[in-house]
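Q: sequence unknown, structure follows:
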Ligand SMILES: NC(=O)c1ccc[n+]([C@@H]2O[C@H](COP(=O)([O-])OP(=O)(O)OC[C@H]3O[C@@H](n4cnc5c(N)ncnc54)[C@H](O)[C@@H]3O)[C@@H](O)[C@H]2O)c1
């Protein structure tokens with residue numbers, strides 16, 4: 001069986017590719033584990049060195065805003081697709097056409113390529129809690145309607161609806177996973193409006209001062225990269241019956257304020273590091289983040305076996321461990 005990962009050079013995509021290579025199999029079609037023969041990684045960015053030399057990996061550097069990117073890659077051998085590539089929230093707010101072309105048309109083209117070229121593959125679509133917004137209850141439940149207040153969130157909702165309809169028609173077996181904000185992201189801040197949630201931990205740990213663009217009482221719903229990868233693979237492996245006609249799930253995460261993040265950082269890494277953080281609100285970021293819900297009761301996700309992290313402290317410690325392991329290996333950061 002072949003597996004196709006879009007956005008495989010990105011933060012989560014690289015980790016999903018690494019996890020799939022480590023496992024070597026994915027369980028599909030309720031027949032038990034199937035060996036991964038070829039892992040097709042599609043991204044406009046260059047592939048990560050960490051897996052580019054693996055003979056099972058075929059890297060395709062291509063822009064999926066273009067009409068012909070996916071069709072030539074899709075064959076009946078492709079049994080699982082992870083659709084993780086996307087333009088991020090801040091980019092989509094600033095460039096409406098980019099979001100339309102990459103997130104909306106790119107997703108539609110991928111679904112069409114699955115429909116015409118593959119044989120009912122399982123498709124995991126990385127959606128987001130940015131699908132919720134506006135006037136929301138204090139706690140988001142599985143029944144809360146999707147009322148996104150950003151172009152990015154709207155594109156995620158449309159992607160979910162399309163995935164459901166393609167599943168209903170039997171063109172594929174889709175699974176939509178609404179991810180919380182995934183922290184701690186290594187590297188430099190990106191244009192995701194949620195970038196501060198990682199930067200507030202990462203930058204002080206790397207010896208830098210950090211000016212946080214949202215106030216300390218800003219609450220967020222978060223998940224670690226380790227749990228996000230586990231969830232995406234679990235979503236692919238659950239039998240179709242576990243999804244029913246509702247092909248979406250909101251993942252369990254933990255709710256944390258920026259103040260609690262800073263306190264946990266202080267606790268794990270000490271005062272000198274936590275004192276590198278200052279607050280200076282940025283209206284553009286505040287407006288986007290303000291509409292995002294932070295408290296959830298993800299009963300469906302829990303009942304389907306998805307898991308949150310135990311604590312924010314654990315997430316910070318995992319980041320420190322991963323970073324020090326990678327710098328001691330001299331390996332490229334994934
Ligand atoms: N990281 C989070 O906190 C978070 C939260 C909710 C949902 N998500 C979703 O999860 C998925 C993965 O997120 P991530 O944090 O790894 O994002 P990322 O930005 O690190 O990775 C996305 C990848 O998509 C690629 N890409 C973007 N435009 C492309 C194009 N036109 N053609 C081909 N490739 C293109 C990028 O090069 C990048 O490698 C995304 O769909 C994102 O919307 C992420």
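A: Structure received. It should be emphasised that the depicted structure is a prediction, and the values quoted were computed from it without experimental measurement. Residues are numbered from 1 along each chain as shown.

Q: Write out the residues of the stretch 151-300 of the chain neighbouring the ligand.
A: Counting by C-beta under 6 Å from any ligand atom, the residues of the stretch 151-300 of the chain close to the ligand are 179, 181, 182, 194. The C-beta positions use only the backbone N, C-alpha and C, and glycine is treated the same way.

Q: In contact with residue 179, which residues are there?
A: Neighbouring residues of residue 179 by C-beta atoms under 8 Å, 6 or more residues apart in numbering: 12, 126, 127, 128, 129, 223, 228, 231, 251.

Q: give me that answer again for 7 Å
A: If you count contacts by C-beta atoms under 7 Å, 6 or more residues apart in numbering, residue 179 has them with 126, 127, 128, 223, 228, 251.

Q: all helices for the stretch 201-334 of the chain, in order.
A: Ranges of helices within the stretch 201-334 of the chain are 225-237, 240-243, 258-269, 271-274, 283-290, 299-303, 312-329, based on DSSP state H, counting those that start in this stretch.

Q: Nearest to residue 143, out of those?
A: helix 299-303 (9.7 Å; C-beta to C-beta).

Q: buried set for the closest one?
A: In terms of neighbour count (16 or more other C-beta atoms under 10 Å), helix 299-303 has its buried residues at 300, 301.

Q: returning to that earlier point: just the residues of the stretch 151-300 of the chain next to the ligand: which are in strands?
A: Using DSSP state E, the members of these that fall in strands are 179, 181, 182.

Q: Retrieve the pLDDT associated with the nearest residue to the second one once chain neighbours are set aside.
A: Computed as C-beta to C-beta, 6 or more residues apart in numbering, the closest residue to residue 181 that is not its neighbour in sequence is residue 194, at 4.4 Å. Model confidence at residue 194, expressed as pLDDT, equals 83.

Q: Would you pull up the residue in this structure closest to the ligand?
A: Using C-beta to the nearest ligand atom, the closest approach of the chain to the ligand is made by residue 10 at 2.0 Å.

Q: and that residue, what does it touch?
A: 43, 84, 85.

Q: redo that, cut-off 8 Å
A: Contacts of residue 10 (C-beta under 8 Å, 6+ apart): 43, 45, 84, 85.

Q: next one: residue 70
A: Counted by C-beta under 8 Å, 6+ apart, residue 70 has contacts 42, 64, 109, 110, 112, 113, 117.

Q: rewinding a little: closest one to residue 213 among the helices of the stretch 201-334 of the chain?
A: The nearest among the helices of the stretch 201-334 of the chain, by C-beta to C-beta, is helix 283-290 at 4.4 Å.

Q: Which residues does that closest one contact?
A: With C-beta under 8 Å, 6+ apart as the test, helix 283-290 has contacts from 89, 90, 93, 150, 193, 194, 196, 213, 214, 215, 218, 220.

Q: Compile those into TSV and extend it with columns for neighbour count.
A: Below are the contacts of helix 283-290 laid out as TSV (neighbours: other C-beta atoms under 10 Å):
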residue	neighbour count
89	27
90	19
93	18
150	22
193	29
194	27
196	25
213	21
214	24
215	13
218	23
220	24
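
Q: Could you tell me which of those residues belong to strands?
A: Among the contacts of helix 283-290, the members falling in strands (DSSP E) are residue 220.

Q: Where does confidence bottom out across the contacts of helix 283-290?
A: Ranked by pLDDT, the contacts of helix 283-290 bottom out at residue 193 (77).

Q: Not counting its neighbours along the chain, what's nearest that residue?
A: residue 288 (4.0 Å).

Q: The contacts of residue 179 into JSON lines, with extra columns for neighbour count?
A: As requested, the contacts of residue 179 are exported to JSON lines (neighbours: other C-beta under 10 Å):
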{"residue": "126", "neighbour count": "26"}
{"residue": "127", "neighbour count": "25"}
{"residue": "128", "neighbour count": "28"}
{"residue": "223", "neighbour count": "24"}
{"residue": "228", "neighbour count": "25"}
{"residue": "251", "neighbour count": "28"}
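
Q: Would you reformat those as CSV and include pLDDT and distance to residue 204?
A: Below are those laid out as CSV (pLDDT from 0 to 100; distance: C-beta to C-beta, whole Å):
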residue, pLDDT, distance to residue 204
126, 98, 28
127, 98, 31
128, 96, 26
223, 97, 21
228, 98, 23
251, 98, 27
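
Q: which among those gets closest to residue 323?
A: Of all the contacts of residue 179, residue 323 sits closest to residue 228, with 17.0 Å by C-beta to C-beta.

Q: Pull the contacting residues for that closest one.
A: With contacts defined as C-beta under 8 Å, 6+ apart, residue 228 is in contact with 12, 15, 179, 182, 251.
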